[in-house]
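> could you work out the structure for the sequence below:
(one chain, ligands or ions: 1)
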Amino acid sequence: MRILIVEDDANLNRQLKEALSEAGYAVDVAFDGEEGHFLGDTEPYDAIILDIGLPQMDGLSVLEEWRRAGKTTPVLLLTARDRWSDKVQGIDAGADDYVAKPFHMEEVLARLRALVRRAAGHASNEIVAGSVRLDARSGKVTVDGQAIKLTSHELRLLSYLMHHKGKVISRTELTEHLYDQDFDRDSNTIEVFVGRLRKKLPDTCIQTVRGLGYQILED
Ligand code: CA
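Down below sits the predicted model:
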């Protein structure tokens, strides 16, 4: 899952980036409203963390522009002011959730997980495909109840496919959603990771749809 952080406080931006990277997300960052608006408009994020008070263009205007343009990416607003009117304005502008500063990083991570899974149509943190179970909260994967060990790249890949099970996902989409902007995007990398992942999963788990991409079937 690929996340955009738009936060002008350099320190907070860095802390968020570290926490999210550690939690297994690919992360891009912006430090002002214009840059954030541009990235959110042009790159396919799975969720966006957006501060309200930003230079160049304030967070609510950025959000309104995205929604006017038809962008449905889940947005978690950060507000420095714990005022109900800001929350109402934020929700009206199209925010999916908000966290008031100062916040605990765990709360941001929990709200983000919920946004990502709801956007993909899952009601709980546990996603099941046949004998494979993914706990999106802990990142633990089991096959027939047995825990299996995955690298962070393998987990990202499996998590994306499980969140979107039933759909055919192209290699381009995987590359765009699993890696940040600066990553060297060689589409062969995806094939290598799919190959490694398949060795750890039941044979039929990840299907290749010739010429289109990969798919984990609905049960
Ligand atoms: Ca700010």
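> please make it C-alpha for all contacts and neighbour counts, starting now.
Fine.
> so whichever residue of the chain sits closest to the ion, which of the three states?
Nearest to the ion, among the residues of the chain, is G53, at 4.1 Å (Cα to the ion). Put simply, G53 is coil when judged by DSSP: H, G, I helix; E, B strand; the rest coil.
> dump the residue contacts of it.
By Cα atoms under 8 Å, 6 or more residues apart in numbering, the residues touching G53 are 59, 79-80.
> now the host helix or strand of A114: how far from the chain's centre is it?
Taking DSSP states H and E as the definition, A114 sits inside helix 105-119. Here helix 105-119 shows a centroid-to-chain-centroid distance of 9 Å under the convention Cα atoms, centre = their mean, to the nearest Å.
> do stretch 132-150 as well
Using Cα atoms, centre = their mean, the offset of stretch 132-150 from its chain centre is 19 Å.
> can you give me the end-to-end distance of it?
Terminal residues of stretch 132-150 lie 13 Å apart, using Cα to Cα, to the nearest Å.
> distance to L217 and neighbour count added to the contacts of G53, as a markdown table?
Shown next, in a markdown table, are the contacts of G53 (distance: Cα to Cα, whole Å; neighbours: other Cα atoms under 10 Å):
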| residue | distance to L217 | neighbour count |
| --- | --- | --- |
| G59 | 38 | 27 |
| T79 | 40 | 21 |
| A80 | 43 | 15 |
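> please narrow the residues you listed to those residing in helices.
G59 (DSSP state H).
> OK, contacts around Y179?
2, 26-27, 185.
> most neighbours among these, please name it.
R2 (26 neighbours; other Cα atoms under 10 Å).
> do you know the pLDDT at the nearest residue to that residue once chain neighbours are set aside?
By the measure of Cα to Cα, 6 or more residues apart in numbering, the closest residue to R2 outside its immediate chain neighbours is A26, 4.6 Å from it. On pLDDT, A26 comes in at 94.
> who in the protein is up against the ion?
Residues of the chain lying near the ion by Cα under 5 Å from the ion: 53-54.
> just the helices in the chain please.
Using DSSP H, helices in the chain cover 10-22, 33-42, 59-68, 84-93, 105-119, 152-163, 171-178, 188-200.
> mind putting the ones you listed in CSV, mean pLDDT included?
Listed next are the helices of the chain as CSV, based on pLDDT from 0 to 100:
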stretch, mean pLDDT
helix 10-22, 97
helix 33-42, 97
helix 59-68, 97
helix 84-93, 87
helix 105-119, 94
helix 152-163, 93
helix 171-178, 91
helix 188-200, 91
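> using CSV, please lay out these together with distance to T208.
Shown next, in CSV, are those (distance: least, Cα to Cα, whole Å):
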stretch, distance to T208
helix 10-22, 28
helix 33-42, 28
helix 59-68, 34
helix 84-93, 40
helix 105-119, 24
helix 152-163, 12
helix 171-178, 11
helix 188-200, 10
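> what about those helices, which gets the closest to P74?
Shortest distance between P74 and these, using Cα to Cα, is found for helix 105-119: 6.2 Å.
> buried residues in the helix holding A114?
108-109, 112-117, 119 (16 or more other Cα atoms under 10 Å).
> with stretch 163-177 instead?
Buried, per 16+ other Cα under 10 Å, within stretch 163-177: 163-165, 168-171, 174-177.
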